[in-house]
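*Asks:* give me coordinates for this.
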Amino acid sequence: MVCLHCRRRRAPGRRRLCMSCYRNPSIRNKYPRRGQWGTIDPFGTEPTGQRSKNPKLTAAAVLEIRRRAGSGELQIKLAREFKVSRSTICKAIKGSTWNKIAGEQTCRR
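*Replies:* This is a model prediction of the structure:
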């Protein structure tokens, strides 16, 4: 069996990870033993946007950002004003986060 993480080395016996990856706890915890997949999120996907525990933007702010970005305002200026990173602004505009609210979803730098 090939290692699930590095996909280069052979995993010994019935193991899912090679020994190099198994020794690293941060890698080992991403790939739990068989039967544990239902209780642990193996790929670290966390809720984003409105489903996040601590959202950096509000729905009203996202609508304002989308409106202003649609009119041609630069994302870096919006990011400074709302005190978030430019990538957060771009994700909010594109809809990869905050995808449940209506508004123009295009990403311009």
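*Asks:* and the longest helix seen in the chain, which residues are buried?
*Replies:* When the chain is parsed with DSSP state H, its longest helix is helix 59-70. For helix 59-70, the neighbour count (16 or more other C-beta atoms under 10 Å) marks 61-66, 68-69 as buried. Just so you know, the C-beta spots here come from the backbone N, C-alpha and C atoms, and that holds for glycine as well.
*Asks:* pretty sure Tyr31 contacts Leu17?
*Replies:* Yes - at 5.9 Å, Tyr31 and Leu17 qualify as touching, with contact defined as C-beta atoms under 8 Å.
*Asks:* who touches both of those two?
*Replies:* Residues touching both Tyr31 and Leu17 by C-beta atoms under 8 Å, 6 or more residues apart in numbering: 4-5.
*Asks:* domains in this protein, as residue ranges please.
*Replies:* 1-44, 49-94 (automatic domain parsing).
*Asks:* out of those domains, which comes closest to Lys100?
*Replies:* domain 49-94 (5.9 Å; C-beta to C-beta).
*Asks:* out of the buried residues of helix 59-70, who's nearest Cys21?
*Replies:* Nearest to Cys21 among these, with distances taken as C-beta to C-beta, is Val62, at 38.5 Å.
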